[in-house]
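> Need a 3D model of the sequence below.
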Amino acid sequence: MLKTTLVKHSLISATTTKRSLRTQEAGVVKPAGVQGGADDEQRVNTEALSKLAGLDKKTGLIHKADMITNKVWAVTKKDPERLFKVFGLQKAGAQIDEKKSVIQWFRYAVDYRATKGTDKLSDAKIYSILEKSKASEAKLAALFQSLKDIDDVKTLATTMQSYQFKRWKDKLHTPDTVAEMLLGIVRPSHRKGVYLRTEYDQKYKIVEEFAKFTTVAKARND
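Numbering: from 1, shown residues only. Coordinates of the predicted model:
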């Protein structure tokens, strides 16, 4: 009887150890009695990605076709502003940061600048074209932040974010005014400098990035 009990205890211990190791490997510590697995990890990874990055991951084959098409267009000198209209982005408005076609347009902008030179499609020109969508400053900010999650347009998205930040700085915006006036983030009146936030809301990341930008700019001027 004692021998049987010891065998059962060993099996339970081994099973518990394996489960513990699997939980540690997943990087998630779960309370006793709560089970989780690949679905939980996938949910966290998906939530951490922007909507545009998620769309891009779901359309891998289309992405490859888009890249080939873009390179052909760049060589044949297709006008970026005209393509913006062909893609229907001039009517995107508040949905600019949710349109799959805006990713392709940014990829085309990357290829066009590589082929023709940045002077032929400057940061100012790109911003001007994007403004034709009637998207707000906040939506363009969300667009740039989202595109930074996509490797092949990350550099251009970062450049455009810096361009927008410079515009904000020139208008004497601060992280507080950007948060409240442009992005609509609510700050409790009794907690100066602290904002209500959710884990995956990009607005807070934009404010953090702008705060870093202004700090670096100030250091350069001092």
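> Helices of this structure, residue ranges please.
Along the chain, counting by DSSP state H, helices occupy 2-25, 38-48, 51-58, 60-75, 80-86, 100-116, 123-131, 137-147, 151-170, 175-177, 202-221.
> Which residues outside the fifth one are in contact with it?
Where contact means CB atoms under 8 Å, 6 or more residues apart in numbering, the residues beyond helix 80-86 that reach it are Trp73, Gln90, Trp105, Tyr108, Ala109, Tyr112, Leu121, Lys125, Ile126, Ile129, Lys132, Ser133. Yep, even glycine has a C-beta here, placed from its N, CA and C like the rest.
> Could you list the alpha-carbon positions for it in PDB?
Taking Å, rounded to 0.1, in the frame of the first residue of the first chain, the C-alpha atoms of helix 80-86 are listed here in PDB:
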ATOM      1  CA  PRO A  80       2.300  59.000 -55.200                       C
ATOM      2  CA  GLU A  81      -0.500  61.500 -54.800                       C
ATOM      3  CA  ARG A  82      -2.400  59.900 -57.600                       C
ATOM      4  CA  LEU A  83      -2.000  56.500 -56.200                       C
ATOM      5  CA  PHE A  84      -3.200  57.800 -52.800                       C
ATOM      6  CA  LYS A  85      -6.500  58.600 -54.600                       C
ATOM      7  CA  VAL A  86      -6.500  55.300 -56.600                       C
END
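> List the buried residues of it.
Residues of helix 80-86 classed as buried: Pro80, Leu83, Phe84 (neighbour count, 16 or more other CB atoms under 10 Å).
> what's the answer for the shortest one, then?
Applying a neighbour-count criterion of 16+ other CB under 10 Å, the buried positions in helix 175-177 are Pro175.
> tell me which strands and helices that helix is in contact with?
Using 3 or more CB pairs under 8 Å, 6 or more residues apart in numbering; DSSP states H and E as the contact criterion, the elements in contact with helix 175-177 are helix 202-221.
> could you give the angle of the helix it packs on to helix 137-147?
For the pair helix 202-221 and helix 137-147, the angle between their directions (axes from the mean of the first three to the mean of the last three CA atoms, to 10 degrees) equals 90 degrees.
> Averaged pLDDT, helix 202-221. What do you get?
The pLDDT scores in helix 202-221 average 92.
> One more: stretch 142-160?
Mean predicted confidence for stretch 142-160 is 96.
> what about it, start to end distance?
11 Å (CA to CA, to the nearest Å).
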